[in-house]
Structure formats: structure tokens, C-alpha cells
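1. This is a predicted model, with the sequence first.
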Amino acid sequence: MNTSLSGLPARGLHPFDVARAIFESRFLARHRPFWVNIELTHRCNLRCSFCDKRGTGEMTASEAQRLLSDLRACGTASVCFDGGEPLVHPHIEDIVAHAKGLGLRVALSTNGTLLPQHRKILSNVDAVKVSIDGPLPIHDAGRGEGAFARALEGARVATRAGVPVALRMTLARHNVGHWRAVMDLAQQLGVVALFQPAMGSVMDSSREASDHSADGADCRKAMDEIAGCKGEGGPIGNEYVCLEHLRRWPEATRVEHCAGGRVEVAIGPDGSMFPCGRVGRGEPAPNALKEGVARAFARVRRPEGCEQCWCTLTLGNCYLYGLDLRLLRGRVPFLTRDATE
């Protein structure tokens, strides 16, 4: 089965298109917003104790549809709808249908609790990422009573619809010792699990670790155990090279080839364009809704030597952008750990 960097089946995205976008960017300086994360809204139906992405900003349906058409014209192949919680947007189904109608690969990043009310949307979605923080008591302690059961049902609804699902766990002080519970859930559901450390801010990688962040030693221990579990056939979606990178949290760890602003961008509810979801907040940013995608993308920040990249999916894109052969570990049978490091 052909898989993406998240371990999910790469439905709707051809490897040749990925290779061409990276080659043209790396070697011909022909950059384009190939992967785009769109934050339709910063509203959410939950009030998670560790989240600082709060606000009332929201794209209108017409703005979102205009943006998607503009992105497609500029070479975008894949979009992920994020938030806040994207499913609280009153026109989310129409927006997702418009994206799919344009021929885009569509992913959804969600807390999962509203998926049962939005089953129809799954016919236009190629992948779903559901946030799970651990077993029921741990998850509900941070997200509210009943959130675990509703998130799990959301994941089940997506899998029954035939949509590839990843359970994404952010390792924080309160749950770092409970990662196996999430892996076990993934195993039971027949999906994959993704892991990454909790930063000081979900919107700013440069922020110092906060009170909810896991201790560095605890994070390293968990990442080492997760890598070992992956080697034993566990349903871990993180690439080995990403696990090795993430185990260094919170030590500065350089990314040699950043995909941000070159083949990847994030767009906020007001249209502001950033190199990724974690860099550039609080700074002046070009606006894709006001300027148009092409002009905004020409001015977007392009980080050099980022040392605070802790989102495993963004990391995967960066290591792919750097053509790092360690990504082949576990994919090409004759390549061992020693041969790829």
C-alpha cells in the first residue's frame, strides 16, 4: 500500500506530483504552496486546558471557496482543514465539497467530537486526524467530561466510512506516561497513532516550554519506547527520523531543509499566510485573501535552519523536502538503521 509520511494511505495524492513539487522548489527555485493548512476558524466546541489558540476569527464560506480556487490555480495539491475546530464552521460541508470538486486532496484535523453529526462530509475527505490525549480519565481531564467517548466515536465513524484515520497524541506533563493507551486504541481501530511533544504554545514554536510541557527526559524515554514499538510492528505513523528528532525536545534541533514557505504554508482565519502552523505568528504576514495567493506566497517568510520544529507532520514534510534517505527506514526492507543514519 502506498503511504504518506503520516503513515496514512496517500489517497488522492500521487507520489510523482510530490516529487515534482519538491524538485522544482529545491533545484529550480520554483516554489508553490503544494501542502496548505487552512485554519477556517479559531472557534472550538471544547475548552482544552492546554490550548492557547482561542478567538472568534472565521473565514466566510465565500472567502474560503475563493481562497481554495486561488490555491488550486497556484499549484496546491493538498489541503488540511484545521482550527480551532473546523467542524464548528457553519459551512464546513460546502467548503470541503468545494475543495474536493477542485481536485484537491482533503484532510481534516479535528477533536473528533462532531464527526458523528457530519458523516456526509467524509465522502469528500481523504484523511482524518483525531486528537486523543490518553485513556478516558486523562483525555477528559483536559478536554471536558464525555470528550473521550465522543472523539472515539468520531474516529469510528470515519473508519466505517473507509477514510484513513490517525490518532494524534500530544505528549504533555500529565499524559506522557500514557502513550501506550493511544497506541492500543489505534490497534483496536485499525488505524495509526502519531505522537509529538507539547510546546509552550500551539501557535508559536519559539515559545519556551510551559507548565504543561513534558519533562525532556520523560519525552525522550517515551519517544525511544515509541520507536521500539514501531520496530515491533506497532501502528505508529511517525517516521523513524521524526521520532529521533522529536526525542530531543526541548533542545534546539536544526532542520536543514525547511519546507515552510516553499512547498508548505498555513493560512489563518483572516487570510494571513505563514510558513507553517507554528512559525511567524505575531509578526506581519502577507494576506492571501486581500492580496491573492500568488502575491502573498511570493512574500511569505521562508525560514532558514529552523531549530524549534516539533510537529511530526511538518517535520516529515521537511525531511522529505531535504530528500533525507532516513525516511526509507522501515519502507525498504534491506535498509537497516545503520545504513540510513
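-> Everything's here; your move.
2. okay, CA-based contacts and neighbour counts for the rest of this
-> Fine.
3. ok, residue 69 - contacts?
-> Contacts for residue 69 (Cα atoms under 8 Å, 6 or more residues apart in numbering) come out as 99, 102.
4. Okay, and it sits in which element?
-> For residue 69, the host element (DSSP states H and E) is helix 61-73.
5. Looks to me like residue 266 is in a helix.
-> No: counting by DSSP: H, G, I helix; E, B strand; the rest coil, residue 266 falls outside a helix, being strand.
6. which residues touch the helix or strand of the chain with the lowest mean pLDDT?
-> Using mean pLDDT, DSSP states H and E, the weakest-scoring helix or strand in the chain turns out to be helix 136-143, at a mean of 93. For helix 136-143, contacts defined as Cα under 8 Å, 6+ apart pick out 46-50, 132-133, 146-149, 174-175.
7. Just checking, which helix or strand succeeds that helix along the chain?
-> Toward the C-terminal end, the helix or strand that comes next after helix 136-143 (DSSP H and E) is helix 147-160.
8. That next one vs helix 136-143, what angle?
-> 100 degrees (axes from the mean of the first three to the mean of the last three Cα atoms, to 10 degrees).
9. which strands and helices sit next to helix 147-160?
-> The contact analysis (3 or more Cα pairs under 8 Å, 6 or more residues apart in numbering; DSSP states H and E) places helix 147-160 against strand 127-131, helix 136-143, strand 165-171.
10. Would you mind putting those into a markdown table with mean neighbour count alongside?
-> Below are the helices and strands packed on helix 147-160 laid out as a markdown table (neighbours: other Cα atoms under 10 Å):
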| stretch | mean neighbour count |
| --- | --- |
| strand 127-131 | 25 |
| helix 136-143 | 17 |
| strand 165-171 | 25 |
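11. Switch the ones you listed over to CSV, and while doing so, append distance to residue 228 to every line.
-> Shown next, in CSV, are the helices and strands packed on helix 147-160 (distance: least, Cα to Cα, whole Å):
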stretch, distance to residue 228
strand 127-131, 22
helix 136-143, 24
strand 165-171, 17
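12. which other helices and strands contact the lengthiest helix in the chain?
-> Criterion DSSP state H: the longest helix present in the chain is helix 216-231. Where contact means 3+ Cα pairs under 8 Å, 6+ apart, helix 216-231 is packed against helix 240-246.
13. quick revisit: of the contacts of helix 136-143, buried ones?
-> Neighbour counting by 16 or more other Cα atoms under 10 Å classes 50, 132-133, 147-148, 174-175 among the contacts of helix 136-143 as buried.
14. Skip ahead from the one helix or strand residue 18 maps to and say which helix or strand is next.
-> Using DSSP H and E, residue 18 maps to helix 15-28. Using DSSP H and E, the helix or strand that follows helix 15-28 towards the C-terminus is strand 35-39.
15. For that following strand, list every residue counted as buried.
-> Within strand 35-39, the residues scored as buried using 16+ other Cα under 10 Å are 35-39.
16. what's the answer for stretch 235-244, then?
-> So for stretch 235-244, counting by 16+ other Cα under 10 Å, buried means 235-243.
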